[in-house]
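Peer 1: this is a predicted model, with the sequence first.
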Amino acid sequence: MSMSEEPSREIVTFGKNELIWQSLLQDNTSMLTADDVHESWLRNNFNFVEESDNIAGLRSPQIGGIYAALAHIRSDERSTATVVMPTGTGKTETILSMVVAGKFKRTLVIVPSDALRKQTVEKFVSLGLLRELGLVTYLVLNPKVMAVKQGMVDSKEIDSFKDANVIIATASSLANYSNDDIKSLSNLCSHLIVDEAHHVVASTWNRVKEIFKGKPIFQFTATPFRSDKNRVDGKIIFNYPIKQAQKDGYFKPIEFHPIKEFVDDFSDKKIAKKAVSLLRKDRENGLNHILMARVSTIERSKKVFQHYEKYTDLNPIVINSKTKNKKEILDDIKNLKHSIIVCVDMLGEGFDLPQLKVCALHDIHKSINIMLQFTGRFTRKFTGLGNAKFVANIADAKVNNTLEELYSEDSDWNDIIQKIGTKKVSSEKEYQEFRQNFDSKGSNLLEQGISPKISTQVFRVTNSKWKPDQFIKFQDKNHEITDSTISKNKDTLIFSVKTMLSVPWSNSQQINDVSWDLYIIFYDKKTNLVYVHSSSTDGNVKRLVELVAKDAVKLTGENMFRVLGRVKRLRFQNIGLNKDKSDLRFIMYTGTNTKEAIPELEAQRARKSNIFGKGYEEGKMVTIGCSHKGKVWAMDSDSIDVWIKWCKKIGSKILDETINTNEIMKTAMQSEELKTYPKIQAINIDWPEDILRKNESRIDLLINDNHQSIINYQLEIKKDNILGNNEFDFILKSDHEIYNFKMSLNNEGGFIVSGSEKIKIRIGTKTQSLESYFSDNPPIIFLSDTSIIEGTLRHYCEETFAFPYDIEKIEVWDWKGIDISVESQRDIKISNSIQYKTIQTIKDQYDIVFDDDGSGEVADIVAIKNTQDEQLIIDFYHCKYCSKGSLPGARVDDVYQVSGQAVKSVKWVNCEEKLFERLISREKNRLQQQKSSRIDKGTLDLLVKYKKMSKYCISKYSMYIVQPAISKIKTNNDVLSIIGSAENYIKETTGINLSVISSK
């Protein structure tokens, strides 16, 4: 231990930690203890002086926060309390006042960063502005402050904390403390305060909070959500909204100066130019403002700095985590030597520079919480400074849902930030209200982010016998109920159980495994059904139900398989059967063998035991499993409210007498292992499901070492590709290139893919040859009978179904003057093409008509209409030509490919975000090539607007085939069956209709 002195300050070091005390006297007062300081607080009153026009004092939010905190201690000091105050309204002075006015004996203050720790220490050492504002007199001594600068080296270090009134530490330094060390710290401290609580990592905070349980805990934050996206828990005892802060004049108004640049390469230049012009104008008006350019990465800081370094008179500087002499640069910035700063989030908590007034947002924040904090750095009121100004590109495609209103044309940031800030706190208050619907004793359960597996057992009960409070009797010597909560209307019960299990390798009663399980029970009063979820497999559900719903009857048997009803294109993954043979009581069929189960059931040689499959319901992919014994499940996990909705749907099917379980088995799809390809026309081929589930814009093809986005390439079948042998030819195609591939079945029950070109695919960080990728992830082949082929498996319907298209639904257009052998209008707008004719015919019906023709297309034409900001009508038009010189007729060759294109486009239905991103990306690529726009009606701005609207509007889709080579009066059953098969597939997988436009 060493000691050094300043005239009125003494510092005692304990390792790297420092105990600091600033005396109010010039004589030697080092003999005073922390108890002496605390005694001075007890003997003297705190003066609650509120500022007014002529009187300096506490601001309105400060005095409100202090009163709320002190009242909370008197009323409910055992719960964590949250104080919400916007950045720049004086949180630190509020904390100082709380500690002194509340006469806290020893307080632990946790801050998120070293910079903020240093700033907070300096405030506490001198009590900040408390004396200057007349809140305390010189009889109130300054606190002794322990600045914790490192993790625990020796547990004995905590003894030195006894000499402090206030202990200030970062969350990261406490992360290195053991639980015993934190317990020792808790025993020393009377109160816990967390500043900038949204920055504290959940794991660290939960550990400290749990150990400090029972002591007054306060959290200060500008937003009720942490940076790790979890809630800042605790009761909000005081909320000072941003709107009120602006009204009271603590924030300067915000000016938003948008630029609009859809080509990313030009965006940085335009943002920099606009921001610098605003800075120069401010400085010309006598305002000593500084510009900060915000970027997301070090690499970006270097690139963006190139747009500022030419303004040498403004002495631009770039600073990031790898910058040398960072302290000196920061000091220069504080001394106003640099008027332009390019940084990577370096000027956060703890760095206060009122002159920061112009902000160039080259990279936007992903989180609204961070954005709210960030704007507060620029809006602080200071004499001689003007309004905050923000510059951003409103065409930035990376804007997320929450930020969209902020980054829109003509947006009023003052109004929007007020709304967003209020909405964030209101959201948290609503969540607290939701929690209040449950027994407060179980509040910890609802804080754990419960996401149960989607599964249930179902029971029928009479209302008079539903007694959810009786669940407590479930506890016995092996089952300890550790936490529970029940809704006030008594329909939902949630509890956790700790179970002691014997181990298989010992008979000792002293050695046990510990299992933690979750139970959820929901009672639907309308149907008198009770749904029970249990993560345990110990078979205690029946015992539990008998307690809460005496004499309840478990639903089992054949009716449980009704849950498979109304699932289209149902494909069984496995089927378990019970047989009556003594030597074989149970048999499981999986994969292609599931079709063997059907004859066994039809001949009544077996009974259904359990079934699991996947298919489409209400146009969305679903998985569903069920068993004769009464369990129902899906391959998913979700929130409790989603689980309850799922249970209600499951229950309605089980009670539905119109669902025939035997018909379900007959009409479900089957699978077969292929030795040769069937003699059926292939109508299209698409990328594997692995790619369709990913963001295609992040997948590249490497062709001759050149990176090409996969969105500009598509797979196509070769013409006249009727299968029938063990090989299948297809092509990889862009607007300018064609590459040949062949998929071959082999004698070993496998397949290989070979190509004529050495093309690689990069997904994330993994790069491999496209041949190799296809061999592991086979493309999907669509056949004219609605079956599909994936690798060596063909999925089909057992019975032969004909789906002829209703000829009366075919719409006839007049194609006079149109060359029906010319499909695309191309970028030169060929006026006698099928596509041009279609666009001219339909464009008055829509707000946007988008020419998406070309490799990687969604459809030849995508047309969109906004209906009163409530619904977006999105229609896909697939156009097709015929051979030169052909007249309209009934040729199947004229419908195979266009039907396949329609089938292929179902992947875009109900995927609005991906759809709009694809269209916007393709338009940007077209403009970058300096070609004509793909938008024949509407604008790119409107397309971007509809992308944003799609997140809250209902979307209604339709599909059209436009083929003038079909003659309605000449068409035949072969043509209608091909179109009908496509219609059936589209209807079953998406729920939307297919329309056909033809010649007379």
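Peer 2: Received it, and whenever you're ready, just let me know what you need.
Peer 1: was I right to think residue 899 contacts residue 980?
Peer 2: No: contact criterion C-beta atoms under 8 Å: residue 899 and residue 980 do not qualify, at 9.3 Å. All C-beta atoms are positioned from the backbone trio N, CA, C, and that covers glycine.
Peer 1: low pLDDT regions in the stretch 751-900 of the chain?
Peer 2: 756-757, 798-802 (pLDDT under 70).
Peer 1: ranges for the strands of it?
Peer 2: 751-755, 759-763, 766-769, 780-783, 788-790, 793-797, 811-812, 848-851, 861-867, 871-879 (DSSP state E, counting those that start in this stretch).
Peer 1: deepest-packed of these, please.
Peer 2: Mean neighbours per residue, mean count of other C-beta atoms under 10 Å, is largest over these for strand 848-851, with a mean of 24.
Peer 1: and what about residue 266, helix, strand or coil?
Peer 2: Classification of residue 266 by DSSP: H, G, I helix; E, B strand; the rest coil places it in helix.
Peer 1: show the pLDDT at it.
Peer 2: With respect to pLDDT, residue 266 has a value of 85.
Peer 1: I'd assumed residue 357 was in contact with residue 388.
Peer 2: Yes: the pair residue 388 and residue 357 qualifies as a contact (C-beta under 8 Å) at a distance of 5.5 Å.
Peer 1: between those two, who's got more neighbours?
Peer 2: Shown here are residue 388 and residue 357; by other C-beta atoms under 10 Å, residue 357 has more neighbours (28 against 24).
Peer 1: where does the stretch 601-750 of the chain dip in pLDDT?
Peer 2: Applying pLDDT under 70 to the stretch 601-750 of the chain picks out residues 602-605, 692-693, 695-697, 719-724, 749.
Peer 1: can you show me the strands along it?
Peer 2: 606-617, 620-627, 631-637, 669-673, 682-686, 699-703, 706-709, 714-717, 727-733, 738-745.
Peer 1: what is the burial count for residue 964?
Peer 2: 27.
Peer 1: name the helix or strand for it, please.
Peer 2: Applying DSSP states H and E as the criterion places residue 964 in strand 954-967.
Peer 1: quick one: residues in contact with stretch 638-646.
Peer 2: Under the criterion C-beta atoms under 8 Å, 6 or more residues apart in numbering, residues 450-452, 454, 456, 492, 494, 520, 522, 531, 533, 634 lie in contact with stretch 638-646.
Peer 1: mind listing the strands for the stretch 401-550 of the chain?
Peer 2: Going by DSSP E, counting those that start in this stretch, the stretch 401-550 of the chain shows strands at 453-460, 479-486, 492-502, 512-524, 529-534.
Peer 1: columns distance to residue 50, mean neighbour count and mean pLDDT on top of those strands, output as JSON lines?
Peer 2: Formatted as JSON lines, the strands of the stretch 401-550 of the chain follow (distance: least, C-beta to C-beta, whole Å; neighbours: other C-beta atoms under 10 Å; pLDDT from 0 to 100):
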{"stretch": "strand 453-460", "distance to residue 50": "55", "mean neighbour count": "22", "mean pLDDT": "94"}
{"stretch": "strand 479-486", "distance to residue 50": "41", "mean neighbour count": "17", "mean pLDDT": "85"}
{"stretch": "strand 492-502", "distance to residue 50": "45", "mean neighbour count": "18", "mean pLDDT": "84"}
{"stretch": "strand 512-524", "distance to residue 50": "50", "mean neighbour count": "17", "mean pLDDT": "88"}
{"stretch": "strand 529-534", "distance to residue 50": "53", "mean neighbour count": "24", "mean pLDDT": "95"}
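Peer 1: to residue 305, which of those strands lies closest?
Peer 2: Among the strands of the stretch 401-550 of the chain, the nearest to residue 305 by C-beta to C-beta is strand 453-460 (50.1 Å).
Peer 1: before we move on, back to that, do you know which of the strands of the stretch 751-900 of the chain lies nearest residue 515?
Peer 2: strand 766-769 (37.3 Å).
Peer 1: run through who's touching the closest one.
Peer 2: 702, 758-761.
Peer 1: ok now that strand, how far from the chain's centre?
Peer 2: 28 Å (C-alpha atoms, centre = their mean, to the nearest Å).
Peer 1: same question for stretch 485-495.
Peer 2: On C-alpha atoms, centre = their mean, the centre of stretch 485-495 falls 28 Å from the chain's centre.
Peer 1: same question for stretch 929-943.
Peer 2: Computed by C-alpha atoms, centre = their mean, the chain-centroid distance of stretch 929-943 equals 30 Å.
Peer 1: for that stretch, give the mean pLDDT please.
Peer 2: The average pLDDT within stretch 929-943 is 91.
Peer 1: buried sites along the helix or strand where residue 976 lies?
Peer 2: Per DSSP H and E, residue 976 falls inside helix 973-990. For helix 973-990, a neighbour-count test (16 or more other C-beta atoms under 10 Å) marks 975-990 as buried.
Peer 1: same deal with stretch 271-286?
Peer 2: Those would be 271-272, 274-276, 278-280, 282-283, for stretch 271-286 by 16+ other C-beta under 10 Å.
Peer 1: go through those residues and name the one nearest residue 327.
Peer 2: Nearest to residue 327, judged by C-beta to C-beta, of the buried residues of stretch 271-286 is residue 279 at 25.4 Å.
Peer 1: next, count neighbours for the closest residue to residue 82 other than its chain neighbours.
Peer 2: In space, and not counting its chain neighbours, residue 82 is closest to residue 234: 4.3 Å by C-beta to C-beta, 6 or more residues apart in numbering. Residue 234 has 22 neighbours, counted by other C-beta under 10 Å.
Peer 1: what of the one 5 residues further on?
Peer 2: When neighbours are counted by other C-beta under 10 Å, residue 239 registers 22.
Peer 1: hmm, residue 523 is touching residue 552, no?
Peer 2: No: the pair residue 523 / residue 552 is not scored as a contact, 10.0 Å apart, by C-beta under 8 Å.
Peer 1: mind listing what the closest residue to residue 8 other than its chain neighbours touches?
Peer 2: Excluding the flanking residues, the one nearest residue 8 by C-beta to C-beta, 6+ apart is residue 23, at 5.0 Å. With contact taken as C-beta under 8 Å, 6+ apart, residue 23 is in contact with 8-10, 29, 32, 142.
Peer 1: which of those count as buried?
Peer 2: 10, 32, 142.
Peer 1: which of those residues sits closest to residue 548?
Peer 2: residue 142 (59.5 Å).
Peer 1: report the separation between the closest one and residue 56.
Peer 2: Distance of residue 142 to residue 56, computed by C-beta to C-beta, to the nearest Å: 20 Å.
Peer 1: my read is that residue 387 contacts residue 357, right?
Peer 2: Yes: contact criterion C-beta under 8 Å: residue 387 and residue 357 qualify, at 7.2 Å.
Peer 1: now do the end-to-end distance for stretch 275-293.
Peer 2: 9 Å (C-alpha to C-alpha, to the nearest Å).
Peer 1: list the contacts of it.
Peer 2: So stretch 275-293 is contacted by 257, 271-272, 304-305, 308, 311, 314, 333, 336, 338-343, 347, 353, 355-360, 362, 384-386, 389, 391 (C-beta under 8 Å, 6+ apart).
Peer 1: of those residues, keep whichever come out buried.
Peer 2: 271-272, 304-305, 308, 311, 314, 333, 338-343, 347, 353, 355-360, 362, 385-386, 389, 391.
Peer 1: just the ones of the residues you listed in strands?
Peer 2: 340-343, 356-360, 389, 391 (DSSP state E).
Peer 1: make JSON lines out of the residues you listed and add pLDDT and distance to residue 377.
Peer 2: Output for those, formatted as JSON lines (pLDDT from 0 to 100; distance: C-beta to C-beta, whole Å):
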{"residue": "340", "pLDDT": "96", "distance to residue 377": "16"}
{"residue": "341", "pLDDT": "94", "distance to residue 377": "12"}
{"residue": "342", "pLDDT": "94", "distance to residue 377": "16"}
{"residue": "343", "pLDDT": "90", "distance to residue 377": "11"}
{"residue": "356", "pLDDT": "90", "distance to residue 377": "6"}
{"residue": "357", "pLDDT": "92", "distance to residue 377": "10"}
{"residue": "358", "pLDDT": "93", "distance to residue 377": "12"}
{"residue": "359", "pLDDT": "89", "distance to residue 377": "8"}
{"residue": "360", "pLDDT": "91", "distance to residue 377": "14"}
{"residue": "389", "pLDDT": "89", "distance to residue 377": "13"}
{"residue": "391", "pLDDT": "88", "distance to residue 377": "15"}
